[in-house]
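S.K.: Sequence and predicted model, in that order:
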Amino acid sequence: MGFPGTWMTESESMVYRVVPKCACSTIGQIMFYSDHGRFYDGDIHDSTAGLHKWSQPDSQNPIENNVHAHKSLAFTCVRNPYARILSSFFDKIAGIQRNGKRYRGNLVPQLVQRYGIEVGSPEDGFEFDQIKSFRRFLLFARDTIRWRRPMEPDIHWSAMSGHISTFIVNGGRYDQIFFTEKFNEGMQKVLDAVETPVPVDLSAIPRFNESEGHGPKRAHKVSDYFDDLSRHLIWEIYKKDFQLFRYDFDNPDNKMPLGEVDIDEVHAKLGR
């Protein structure tokens with residue numbers, strides 16, 4: 001299986017396991033900059049040179065050799081599951097993608113038809129009942145994860161622990177796992193632990209939020225979207241994410257983790 005979703009700088013200064021909706025655009029651009037002294041012009045997910053990615057055949061041997069020998073610092077980044085699934089909904093379901101189309105072609109019309117989801121449109125200012133539609137989307141997300149119907153689960157809403165575990169199961173080991181909510185602190189620790197061809201001043205790096213501005217803004221506080229049933233579904237889907245990454249299940253409005261990640265525990269529980 002190798003190391004899907006794994007990126008590595010060409011200088012092999014660091015290895016990163018991408019977790020969608022967890023600052024991956026910014027992290028990828030920082031990695032690119034740390035080798036080349038410039039940012040990739042466009043969405044870093046579209047780059048095909050300048051950064052090793054498992055999805056690029058020529059990158060697979062270098063990544064595999066590096067990870068198996070643990071030659072470089074390996075890290076990933078996580079995010080509060082409540083905020084992450086909301087972000088997935090507003091970006092991928094309610095939003096218009098960078099190419100001007102809906103995400104995955106017929107996915108949104110299918111959700112409108114099967115789950116009664118409304119998403120509005122740019123023409124009507126994305127006017128729709130966000131809470132009702134989000135809760136219906138949550139049912140769909142659970143169906144994809146639990147029963148793989150009506151489709152396989154999408155990387156943007158499948159559990160973080162699932163993404164993170166493939167790296168461990170296939171022979172990798174993380175040195176650091178940090179929080180999107182404490183991004184500067186976590187990314188700085190990574191940069192402090194590696195030597196990069198080009199020095200990175202984190203305070204001068206812009207945030208690369210590729211999904212921003214393409215869809216509706218969230219109109220309510222986080223907890224408003226999650227009634228009892230929604231929280232039951234969230235626990236069913238993301239129980240391991242809450243437990244391993246120390247997020248607060250009881251208070252959806254508390255986006256901050258309750259403690260640090262125990263790296264040894266992550267390897268023990270996700271490496272089976």
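M.R.: Structure's in. What do you need?
S.K.: any chance you could map the helices in the stretch 101-250 of the chain?
M.R.: 107-115, 130-147, 160-169, 183-192, 228-244 (DSSP state H, counting those that start in this stretch).
S.K.: Output those in a markdown table; the columns should cover mean neighbour count.
M.R.: (Each C-beta comes from the backbone N, C-alpha and C, glycine too.) Putting the helices of the stretch 101-250 of the chain into a markdown table (neighbours: other Cβ atoms under 10 Å) gives the following:
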| stretch | mean neighbour count |
| --- | --- |
| helix 107-115 | 15 |
| helix 130-147 | 19 |
| helix 160-169 | 20 |
| helix 183-192 | 16 |
| helix 228-244 | 17 |
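S.K.: As CSV, those with distance to Met1 and mean pLDDT would be great.
M.R.: Formatted as CSV, the helices of the stretch 101-250 of the chain follow (distance: least, Cβ to Cβ, whole Å; pLDDT from 0 to 100):
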stretch, distance to Met1, mean pLDDT
helix 107-115, 26, 93
helix 130-147, 19, 96
helix 160-169, 7, 98
helix 183-192, 25, 98
helix 228-244, 20, 98
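S.K.: how about these, which one is nearest Met14?
M.R.: Smallest distance to Met14 across these (Cβ to Cβ): 6.5 Å, for helix 183-192.
S.K.: Need the CA coordinates for the closest one. CSV is fine.
M.R.: Provided in CSV are the C-alpha atoms of helix 183-192 (Å, rounded to 0.1, in the frame of the first residue of the first chain):
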residue,chain,number,x,y,z
PHE,A,183,-0.7,26.2,14.1
ASN,A,184,2.2,28.6,14.6
GLU,A,185,3.4,26.9,17.8
GLY,A,186,3.3,23.4,16.2
MET,A,187,4.8,24.3,12.8
GLN,A,188,7.6,26.2,14.6
LYS,A,189,8.5,23.1,16.5
VAL,A,190,8.8,21.2,13.3
LEU,A,191,10.9,23.9,11.7
ASP,A,192,13.1,24.1,14.8
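S.K.: Which residues outside it are in contact with it?
M.R.: 14, 23, 26-27, 30, 34, 73, 75, 77, 176, 178-179, 200, 202-203 (Cβ atoms under 8 Å, 6 or more residues apart in numbering).
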